[in-house]
Each structure stands twice: as structure tokens, then as C-alpha cells.
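Chemist: Build the 3D model from these lines:
(one chain, ligands or ions: 1)
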Amino acid sequence: MYLRSDARIGGLISDDTVRYCRQFLRSAGCGRLLRVAEHPRLRGAVRLLERITLPGIMLHYVLRKRFLREWALASIAEGCNQIVVLGAGFDPLCLELHRRFPEVQFVEIDHPATQAAKRAALAELGLNPRNVRFVAADLARTPLDQALRTGMERDGGTRSFYIAEGLLMYLEAHQVLDLLHRALQSAPSRIAFTFLEPQAGGRPNFRNSSRLIDLWLKQSGEPFAWGVSRADLRDGLNRLRCTVREIADDAGLVARYLGVQRPGRLVPIEGEYACVADLNR
Ligand SMILES: C[S@@+](CC[C@H](N)C(=O)[O-])C[C@H]1O[C@@H](n2cnc3c(N)ncnc32)[C@H](O)[C@@H]1O
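Modeler: Alright, predicted model coming up:
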């Protein structure tokens, strides 16, 4: 939220994103955090907290969301008629696009508890979008195709764009592979996902992660489980006969969205990348 007031970055964050995220945070009981993040005199404290935990993580989020939004728009323009956001959390993409593309079906799949908080926020905003479907499922246990079939007739003409942003690192390697295989069954389609690379010691992580964050992830029962190097990912996707369209790193995204100059001290965190691949059957 606080990056919105940064002249160099604010333009990448839409009014809708801010509106939805404010409501999501309030409904999740994080109203106080929101007030701190938006208070002009307390913003410095939030910046400091970011710097000592995961420096550059907020800019990284802004850039990767911009990137995924751009691919979603391109995919719709190319004929995708279903956008499936896996582990959607409080991401506002479907809500931002559903009115502009009434013919497209948007689907969000997430853990029941997270999704309930999001749906409560939408109810408070008086929103019940006709072409956004919410599926509560644990993707570590429920196969993707089964989750997608929940409450819906299968439609042979569906061309999907799957987005798994900030999700796959919480799954085991075999679960990631299963998810890809299931998505492949629904070809022709496309997937975009973010992934962590293994760092020194072999564990997937951000490059500058602090021990504080590692400890917090461990405590909250959400340690990163899966990671892959960019080279191994490319090989693996080629073996699955997927066409890698792009693997984006933050330096590339900074160049693309903010101009070549790095924006002062706002350097995004490294270690997580975004991949887009066409799933060819
Ligand atoms: C780090 S958040 C990312 C949220 C959103 N995609 C974004 O990037 O803004 C991870 C999300 O994945 C969801 N998630 C994690 N493991 C999951 C699982 N096994 N099944 C379904 N959702 C899961 C969490 O509930 C949460 O919403």
C-alpha cells in the first residue's frame, strides 16, 4: 500500500487494487496494520521493517503482479476464455478484470479459510460477480481438474490461463508436477507461475531472506518446500513439451516497467522468478 505514494512506482498500482486490498485487510482483521501502512508519518516504520526482513519484497510484488496482469490480458486477447488463479489469496486480478471481460470465466481456488475472508470482504463491498467462481480446495490434496469441476459442467471449448503466483513454493515437487500434468490435460492452455530458486544450502528461498523470516515461516507451518533453478525448470518444461514463453527476473521487470535505471534504494528482492509457458498437448 505504501508504495502507492512513491512517485516512481505508484502508477503501477491501480485504484481498484488499492480499494480491494484495503477491504481485504479490514475483513481479515488487519485494519490497524492498514492504518499504520497508510499513515504518512508511520510509513517510514513500515519501510524499515521491510528493509530488515525482506528488503525489496514490496516492489517485487508490484512488478510481478503487473507482469502477470499483462500476460492475462494478452492471453484473453489470444482467445483464452477462462482465467484460473490458484492460491489466489487476496490478489485482486479477477475482480479487476471481470467487468471488462464479461464473456470470460474467472476462477479462484484457495484454502477455505483464506477464501472465506475474501468472500466476506466482497460481501461488505456488495459484490457478487456473476463470472467469478470461488472454489475452496487444498491443492496439495485435491487434483486441479477435480477442483475445477466442483459445481461446474466440463466444457470442451475452455481455453484456460492458469496463474499460480506465490503458491508453488508451498507444495512438494510431486504435487507441483501433478498440478502441471493436470493443467496439461486441459490444453490448449497457458500457465504463469512464480518460483523460488534454491539458495546456498540447497533450500528454496529469496536471496536476501533474513533469519527472522525463515523462523517465522517455520513457525507458521509454511516453510518453502519446492524450488528449482531457472535452467532445470526450462529443461523440465521442455521435456513436458511445454513452450516456455518467458522467464522473468526482477532486473528485467525493473527495466520493463520502471525504465532501465534502478529506482534509488528501491531494489526488488531477488530469488523468485516468474515463468510463462504454453501447455501443448
Ligand atoms: C503467499 S500467498 C499468495 C497469494 C496470491 N497468489 C498473491 O501472490 O498475491 C499464498 C496463497 O496460496 C494459498 N495456498 C497455499 N497452499 C495452498 C494449497 N495447498 N491449496 C490451496 N491454496 C494454497 C494460501 O491460502 C494463500 O492464499
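
Chemist: Can you tell me which residues in the protein are near the ligand?
Modeler: Counting by Cβ under 6 Å from any ligand atom, the residues of the chain close to the ligand are 87-89, 91, 110-111, 114, 138-140, 165-167, 170. (C-beta placed from N, C-alpha, C; glycine too.)

Chemist: Looking at those residues, spot the one nearest residue 184.
Modeler: residue 139 (15.6 Å; Cβ to Cβ).

Chemist: what's that closest one in contact with, if anything?
Modeler: By Cβ atoms under 8 Å, 6 or more residues apart in numbering, the contact set of residue 139 is 86, 87, 109, 147, 167, 171, 175, 179.

Chemist: Can you get me a residue count around the third one?
Modeler: Using other Cβ atoms under 10 Å, the number of residues around residue 109 comes to 25.

Chemist: before we move on, what about residue 50?
Modeler: 17.

Chemist: Counting by contacts, list what the host helix or strand of it packs against.
Modeler: For residue 50, the host element (DSSP states H and E) is helix 43-53. Judged by 3 or more Cβ pairs under 8 Å, 6 or more residues apart in numbering; DSSP states H and E, the packing partners of helix 43-53 are helix 31-38, helix 211-219.

Chemist: which parts of that helix are buried?
Modeler: In terms of neighbour count (16 or more other Cβ atoms under 10 Å), helix 43-53 has its buried residues at 43, 46, 47, 50.

Chemist: residues making contact with it?
Modeler: The contact list for helix 43-53 (Cβ under 8 Å, 6+ apart) reads 2, 5, 36, 37, 56, 57, 58, 210, 212, 213.

Chemist: Determine which two of those are furthest apart.
Modeler: Greatest spatial distance among the contacts of helix 43-53 (Cβ to Cβ): 5 and 212, at 25.9 Å.

Chemist: how about the helices and strands packed on helix 43-53 in a markdown table, adding mean neighbour count?
Modeler: Output for the helices and strands packed on helix 43-53, formatted as a markdown table (neighbours: other Cβ atoms under 10 Å):
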| stretch | mean neighbour count |
| --- | --- |
| helix 31-38 | 15 |
| helix 211-219 | 12 |
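
Chemist: Quickly, which of those bottoms out on average pLDDT?
Modeler: Least confident of the helices and strands packed on helix 43-53, judged by mean pLDDT, is helix 211-219 with a mean of 72.

Chemist: Which SSE is immediately downstream of that one?
Modeler: The element immediately downstream of helix 211-219 (helix or strand, assigned by DSSP H and E) is helix 230-239.

Chemist: List the buried residues in that following helix.
Modeler: Going by neighbour count (16+ other Cβ under 10 Å), the buried part of helix 230-239 is 233, 234, 237.

Chemist: Same check on stretch 112-130?
Modeler: Here stretch 112-130 shows 114, 115, 117, 118, 119, 121, 122 as buried, counting by 16+ other Cβ under 10 Å.

Chemist: Between these, which sits nearest the ligand?
Modeler: The nearest member of these to the ligand, counting by Cβ to the nearest ligand atom, is residue 114 at 3.8 Å.

Chemist: Show the subsequent helix or strand relative to the one helix or strand that closest one maps to.
Modeler: Using DSSP H and E, residue 114 maps to helix 112-124. Downstream of helix 112-124, the next assigned helix or strand under DSSP H and E is strand 132-136.
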